[in-house]
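[1] I'll drop the sequence and a predicted model, then ask my questions.
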Amino acid sequence: MNIGIRTKLIFFFSKKLCTLSYDQFINPVVLETPISGIRLVNSWESKIPLREQIHLNIGQPDLPTPSYIKYAAVEALEKDLTRYTDVLGEKYLRNAIVGFQDSFHHLRYSSDEVLVTAGGQSAIFAVLKAILSPNDNVIVPFPSYPPYINAIKYNYANILPLKTTVDHDFNLIPEKIRERLEKKPVKALLLISPSNPTGTIVPKETLEEIVNLANEFNFLILSDEIYSDIIFDNQAYTSVATLSDAWERTIIIQSFSKMLSMCGFRIGYILAPGPLIDQIKVIHHTMNICANNIAQYAAYKALEDQNQLKRAISSLVKTYQDRRDLCIEALTNSDKISISKPRGAFYLFPKIDNLNMIRFCKWLKYNYGVTTVPGSYFSTDLIEEHNQYFRICFTAEKEKLDLGMKKILLATEKYKKT
Ligand SMILES: Cc1ncc(COP(=O)(O)O)c(C=O)c1O
């Protein structure tokens, strides 16, 4: 029998013979965690043909990876870099990361305090797996990047939510953190700065207050800094680990994905004191053995010449800043939309009072072909207000963004009338 037909028949019958209920074998916590809403919105229907739709849902740079980095990946293959590397990552890359973080962000680490991972995502997972036990408490400001929520739940730990809103430019209020700390012991506090999904940067004064609290109440600061090189308006960026009495308590999550349009390379890293790295390394080894060897070489080449790197980053930042300005200018024309100007990253998190955003975003996609993500997908059921927000990524060229903003404005007008 023709092999193709035989495979199809086996597949057909094996599907038919699946009488087991597989849920009984799955961890209930996994059953309860939904697939990321950022992807889910792709399956929503639209009457607009696919080629005319405008996708502003996935936080993936549309700008190409700089050519010199792509050539480095080719060179890595020519050099036969196809074996496992050191679990921590190649020493030449870790040294380059140490030099880069020192000169760009005044962070002081040694190469043994760097762990190269398969993207920031696996860094998140490895860190949380290493530090959390069941029933530990983690303070999470919302809205937040959803995989943190899942990863905390997979460790049977509790989330203590902190609400942030557009009225305060999504800033954290240290007194609210203190209130949580006075009620329960806390293992860690999560900071994402610049934030996904709001683009907010935690001001230095707030960071200082958080560090004081960390020392008073003895918790770790988990600082996601993967957007720390996409900063607008020439502002200075402060990493929490540079503040006094903070270094020992901070675990930094970093990545090459956004800073240099390298999402598919899957290279991120963790910066933390050696004793923490030694433990997180065990989880990382269990998950990945090591990060991709070819991508590690490309990441090393990305950092090798700091002048070239500065040029590559500032060209990306300029593009994102122009786009941010375009979107902000368009959306502030509407009296229905409240918006905070993002200081970094490439996200907007506008609010429209009294709208259910899941319904609105579905309607927007169906009628206008613009895909965005409802704010509740970045939040918790405990914070109802976030149902009135939605996330827009400005990772599309200006013409598309311009059209997208016009359609969003039109939709907000029409929607109220339907
Ligand atoms: C705040 C934040 N952290 C981590 C990640 C993971 O990125 P990657 O795994 O591509 O490095 C993302 C991706 O969107 C993110 O927004």
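    Great, that's in hand.
[2] Please work out how many residues are found near Pro275.
    Burial of Pro275 is recorded as 9 neighbouring residues (other CB atoms under 10 Å). For glycine as for every other residue, the C-beta is placed from the backbone atoms N, C-alpha and C.
[3] could you point out which element follows the helix or strand where it lies?
    Element membership of Pro275, judged by DSSP states H and E, is helix 274-288. Read in the C-terminal direction, the helix or strand following helix 274-288 is helix 293-304, with elements assigned using DSSP H and E.
[4] same for that following helix, what does it pack against?
    When contacts are defined as 3 or more CB pairs under 8 Å, 6 or more residues apart in numbering; DSSP states H and E, helix 293-304 sits against helix 67-78, helix 91-105, helix 306-331.
[5] Which positions in the shortest one come out as buried?
    Spelled out, that is helix 67-78. The neighbour-count criterion (16 or more other CB atoms under 10 Å) identifies Ile69, Ala72, Ala73, Ala76 as the buried residues of helix 67-78.
[6] Equivalent analysis for stretch 95-113, please.
    Residues Ala96, Ile97, Val98, Phe100, Gln101, Phe104, His105, Leu107, Tyr109, Ser111, Glu113 are the ones in stretch 95-113 that count as buried (16+ other CB under 10 Å).
[7] That one and the ligand, are they touching?
    No: shown here: stretch 95-113 not in contact with the ligand (CB under 6 Å from any ligand atom), separated by at least 13.9 Å.
[8] Restricting to C-alpha, output that stretch in PDB.
    As requested, the backbone C-alpha atoms of stretch 95-113 are provided in PDB (Å, rounded to 0.1, in the frame of the first residue of the first chain):
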ATOM      1  CA  ASN A  95      32.000  38.000  29.200                       C
ATOM      2  CA  ALA A  96      30.500  40.000  26.400                       C
ATOM      3  CA  ILE A  97      27.200  40.300  28.400                       C
ATOM      4  CA  VAL A  98      29.200  41.400  31.500                       C
ATOM      5  CA  GLY A  99      30.900  44.100  29.400                       C
ATOM      6  CA  PHE A 100      27.700  45.200  27.700                       C
ATOM      7  CA  GLN A 101      25.700  45.500  31.000                       C
ATOM      8  CA  ASP A 102      28.600  47.300  32.600                       C
ATOM      9  CA  SER A 103      29.000  50.000  30.000                       C
ATOM     10  CA  PHE A 104      25.300  50.400  29.000                       C
ATOM     11  CA  HIS A 105      23.600  50.000  32.500                       C
ATOM     12  CA  HIS A 106      26.400  50.300  35.100                       C
ATOM     13  CA  LEU A 107      25.600  46.700  36.300                       C
ATOM     14  CA  ARG A 108      28.500  44.800  37.800                       C
ATOM     15  CA  TYR A 109      28.500  41.100  37.400                       C
ATOM     16  CA  SER A 110      31.200  38.400  36.800                       C
ATOM     17  CA  SER A 111      30.800  35.800  34.000                       C
ATOM     18  CA  ASP A 112      29.800  33.200  36.700                       C
ATOM     19  CA  GLU A 113      26.900  35.400  37.600                       C
END
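[9] Averaged pLDDT, it. What do you get?
    Per-residue pLDDT over stretch 95-113 has a mean of 98.
[10] going forward, begin numbering at 48 instead of 1
    I'll keep to 48 as the first residue from here, and by that count the last item is stretch 142-160.
[11] How far away from the center of its chain is that stretch?
    When distances are taken as CA atoms, centre = their mean, to the nearest Å, stretch 142-160 is centred 22 Å away from the chain's centroid.
[12] Likewise for stretch 397-405?
    Relative to its chain's centre, stretch 397-405 lies at 22 Å (CA atoms, centre = their mean).
[13] For it, give me every contacting residue.
    Contacts with stretch 397-405, where a contact means CB atoms under 8 Å, 6 or more residues apart in numbering, come from 212-213, 378, 383-386, 407, 421-423, 434-437, 439, 459, 462.
[14] ditto for stretch 447-460
    Residues from elsewhere that reach stretch 447-460 (CB under 8 Å, 6+ apart): 101, 103, 370, 373-374, 377-378, 380-381, 383-384, 399, 407, 410-411, 414-417, 419, 439, 441, 443.
[15] Repeat that for stretch 361-376.
    108, 110, 246, 276-280, 306-308, 386, 388-389, 393, 395, 439, 441, 443, 445, 448-449, 452.
[16] before we move on, back to that, between the buried residues of stretch 142-160, which is nearest the ligand?
    Proximity of those to the ligand, judged by CB to the nearest ligand atom, is greatest for Ile144, which lies at 13.9 Å.
[17] sorry, back to before: do you know which of the helices and strands packed on helix 340-351 lies nearest Glu263?
    Nearest to Glu263 among the helices and strands packed on helix 340-351 is helix 138-152; the distance by CB to CB comes to 25.8 Å.
[18] And that closest one, what does it pack against?
    On a contact count with 3+ CB pairs under 8 Å, 6+ apart, helix 138-152 meets strand 161-164, strand 315-318, helix 340-351, helix 353-378.
[19] Could you rerun that using 10 Å?
    If contacts are counted by 3 or more CB pairs under 10 Å, 6 or more residues apart in numbering; DSSP states H and E, helix 138-152 sits against strand 161-164, strand 297-302, strand 315-318, helix 340-351, helix 353-378.
[20] mind listing which of the contacts of stretch 361-376 are in helices?
    Taking DSSP state H as the definition of helices, those contribute Lys445, Leu448, Asp449, Met452.
[21] Let me know the pLDDT of the first one.
    Meaning Lys445. We have a pLDDT of 96 for Lys445.
[22] For it, which residues are in contact?
    Thr366, Asp369, Arg370, Leu373, Cys374 (CB atoms under 10 Å, 6 or more residues apart in numbering).
[23] Can you get me a residue count around the fourth one?
    Neighbouring residues of Leu373 were enumerated by other CB under 10 Å; the total is 15.
[24] do you know how far it is from Thr379?
    Here the criterion is CB to CB, to the nearest Å. By it, Leu373 lies 11 Å from Thr379.
[25] Likewise for the third one?
    Taking CB to CB as the measure, Arg370 and Thr379 are separated by 15 Å.
[26] which parts of the stretch 48-197 of the chain sit against the ligand?
    By the criterion of CB under 6 Å from any ligand atom, the positions of the stretch 48-197 of the chain lying close to the ligand are Gly106, Gly166, Gly167, Gln168, Tyr192.
[27] any chance of the residues you listed in TSV, with secondary structure too?
    As requested, those are exported to TSV (DSSP: H, G, I helix; E, B strand; the rest coil):
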residue	secondary structure
Gly106	coil
Gly166	helix
Gly167	helix
Gln168	helix
Tyr192	coil
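[28] So for stretch 290-299, mean pLDDT?
    97.
[29] Can you mark which positions in it are buried?
    Of the residues in stretch 290-299, those buried by neighbour count under the rule 16+ other CB under 10 Å are Leu290, Ala293, Trp294, Arg296, Thr297, Ile298, Ile299.
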